[in-house]
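> with the sequence up front, the predicted model follows.
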Amino acid sequence: MADYPYQNSDLTIRQRVSDLLSRMTVAEKVGQVNQHLYGWECYEKQADGSVQLTEKFKEHVSWGGGLGALYGLFRADPWSKVGFDNGIAPEASWQLVNQVQAYVMSQSRWQIPALIVEECPHGHQGLGGVSYPTNLGRGNTFNTELIEASSRLMARELAAKGVHLALVSTLDLAKDPRWGRSEECFGEDPILAAKMSEAVVAGFQGQLINETKPFLDQTTKEIAKTPEQMGVVLKHCIAQGEALGGHNSGTVTISGREFNDVYLPLLKSTRNAVGVMAAYNDVDGVPCHINGELFRETMREQLGYQGLVMADGVALDRLGDVFSTKIEGASAALKAGIDLSLWDQTYLEIADSITAGIASEADLDEACGRVLAIKFLLGLFEQPFVTDPKDRFAELLLESQELNLQVAEESLTLVKNDGILPLSKAKKKIAVIGPSGDSLYQLLGDYTAPQEATMNDKTIYRQLKSVFSDSEVVYAEGCEVRNPEGQEEKISAAVALAATADVIVLVLGGSSARNFDMEFLSNGAVSSKGINMDSGENVDVASLTLGGKQLDLLAALAQLDKPIVSVIIQGRPYDLREVHAASRAVLIGWFPGQQGGAAIARTLAGSNNPSGRLGVSYPLNSQQLPVYYYQRAASKQDDYYDESGAPLHEFGYGLSYTEFTYDSLQVTADSDTITVRVTVRNNGRCAGKESVLLFVRLLGGSVIQRHKLLKDFVKVQLEPGQEQEITLLLTTEQLSFTDLDRAVKAAAGCKVMVGNLSQEIYFKK
């Protein structure tokens, strides 16, 4: 028998939240909307292996009469200074969660459990976590089923550790490759990002939240959450990739029309997420963290968003750009709909803001109520503790790495091949050259935990040795990623080694690898230049030229007149014109994750037929930016006096070891649906996967329409000689735009484009 109504699982979540709120003090409510602590500072590992909670943790719990959420309990990286010596082993994570939860509940008058929140941009950023390809590669898969399946495995891994919320980057668009966080984007296209976001939500949450009935009006029994379902917080909301000049956290100047036509379809993908994270940037001068029009009007009222809104790290303290005091900033953020803080000082002062008559307790109740609602939704009041996963955890990690390999393979994008690939397995000598050829960390991207020593055999060089076991495979670094000093000897040694080889596999690109000697900002972004870290958060570049002496290495190797197969490891597009000219094949690997070395080796050997297609328009260089494909079709000169205006490779470009053809495009329309049918055939000699991309160009209206817009896609696998009819459906809503009068209108017609086929269709009024 429940002592209080909020403990009665037969009541709806709305009823339980209302009852619990009515019993809480302002101080307790403020405690629930704060996520102030760095989780790794809340415990200390003892010499005997036991773990003790710190006084800092206990004092903060006492301050808030409990704890709203705790970020990064298991975060391990150079910023947190957590490694294998002082961090928590993955199989022991559940024990620490239970220890934290027991203490928090013992200090809460109402036994309110805490949300455990972890970073998961491309896998859990904790010791032993499975690290998948970064999003810029995963977007190239154009495979939502694969993204959903891998997200489900991430959720199972985190749930076994006792985590409740995963922070996952999905909402940013890679509009300017100079931006260091481009690697976190699925690509430049809003529909690609939206469909991937929906897949991430489905993988992590299942049907925890859906449009059929507000979760607040259901009981936890009706929702019937399973232990492996968990909440996902999508970030960042919104338009961070639009920042002027590619500057991280920079200002954004998009218009309302651009917001409606580009970002509104993307925002719709958040409708069933447990949470979204506000972005650092402003939009037209208004910081996202005080943008009530965005969070209250657009997301909640217009789109029906039900989840909570989390602040980005110390972002609320940056409201000092707008307000003279923190109590003013706290009030504005609460009023705009920010429900949960992250590390800042500002939300610690909410009570003072209310006392001063600046903030409203009603706004605090709304924010606190949403935090509590998510705790009820996730079943924390019924099951606050997690059970020992035992042997199931090792089995889960094995299953995850198997799928990780498939994700890595489908993310690889072949952009040049004169027939040299796949490489013959006949006995030969292969020289692997380049700064990322034998480096695991440079395959992983930003937001990555320290790796176990057993992972060192996952590099490209070592995997090539395994796959080409009958050949002699040798390695030389050649040069570092960015360091220009003292590289001549390395280049000479690499050239000497390559001179004796039959083929050169040249591994060039960039790196997001952090090290423990770097310095960091209070939000975890790098503040000191790592000599070879040229990608990642707060690492923006002006030039897309390959760093250091990489082009000198390329030129020296090209003089040997040996066949060169170039593999590009990177978190953003770099200028590849010289690489293309000197190479017989070019394979873009992005940051392909822990299984990236195996995926690349299998692809070069032909065991994997590359199927990735570019999720960004690949520029020639930074001087021609922007080159994203859906710019407006204005009557202008596209080329420059001294440079082409066209990208090196278009959005959606990617080669295969087989050949696909498109035929029999049929487009029909009824009152509210357009049906597109097309036949895809594999005309080659090997099986392959093809991403079928459906574009439209809107016709009519009193504004300049865009060249084309991606509206849907599907990935199919075909055997040699096999063909398949693909059917895709479009609604009239998908063909709407913001017209001259700023009203959203349906287009008069559209040009439908699939593969090399196109057809125009006009709609009856």
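Received, thanks.
> what's the helix or strand where residue 494 lies packed up against?
Here residue 494 is covered by helix 488-498, with elements defined by DSSP states H and E. With contacts defined as 3 or more CB pairs under 8 Å, 6 or more residues apart in numbering; DSSP states H and E, the packing partners of helix 488-498 are strand 429-433, strand 472-476, helix 550-558. (Each C-beta comes from the backbone N, C-alpha and C, glycine too.)
> could you point out which element follows it?
Once the chain leaves helix 488-498, the next helix or strand it forms, by DSSP H and E, is strand 503-509.
> surely residue 374 and residue 306 touch.
No: contact criterion CB atoms under 8 Å: residue 374 and residue 306 do not qualify, at 9.6 Å.
> which residue comes closest to the residue nearest to the spatial centre of the chain once chain neighbours are left out?
By CA atoms, centre = their mean, the chain has its centre lying nearest to residue 169, at 3.4 Å. Among residues not flanking residue 169 along the chain, residue 184 sits closest, at 4.0 Å (CB to CB, 6 or more residues apart in numbering).
> check contacts around the one you found.
Going by CB atoms under 8 Å, 6 or more residues apart in numbering, residue 184 touches 121, 134-136, 169, 172, 446.
> got it, and residue 200?
Each residue near residue 200 by CB under 8 Å, 6+ apart is listed here: 147-148, 151, 168, 170, 232, 234.
> dump those residues to TSV, plus distance to residue 110 and secondary structure.
Below are those laid out as TSV (distance: CB to CB, whole Å; DSSP: H, G, I helix; E, B strand; the rest coil):
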residue	distance to residue 110	secondary structure
147	39	helix
148	37	helix
151	33	helix
168	30	strand
170	34	coil
232	27	strand
234	30	strand
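> just to revisit the earlier point, which one's more surrounded, residue 374 and residue 306?
residue 374 (28 against 21; other CB atoms under 10 Å).
> which residues does the stretch of helix or strand residue 604 belongs to contact?
If you go by DSSP H and E, residue 604 is part of helix 596-605. The contact list for helix 596-605 (CB under 8 Å, 6+ apart) reads 133, 405, 408-409, 411-412, 414, 421-423, 425, 440, 443, 458-464, 466-468, 505, 565, 567, 569, 587, 589, 592, 608-610.
> quick one: buried residues of it?
Using 16 or more other CB atoms under 10 Å as the test for burial, helix 596-605 gives 596-605.
> for the stretch 201-350 of the chain, which segments are assigned as helices?
220-223, 256-258, 264-267, 292, 326-336, 350-355 (DSSP state H, counting those that start in this stretch).
> just checking the distance from the third one to the centre of its chain.
Taking the mean C-alpha point of helix 264-267 and that of its whole chain, the gap between them comes to 16 Å (CA atoms, centre = their mean, to the nearest Å).
> ends of stretch 655-664, what's the gap?
22 Å (CA to CA, to the nearest Å).
> secondary structure class for the nearest residue to residue 657 once chain neighbours are set aside?
In space, and not counting its chain neighbours, residue 657 is closest to residue 609: 4.7 Å by CB to CB, 6+ apart. Three-state assignment for residue 609 (DSSP: H, G, I helix; E, B strand; the rest coil): coil.
> pull the number of nearby residues for residue 609.
Neighbours around residue 609, by other CB under 10 Å: 19.
> fine by me, we can end here.
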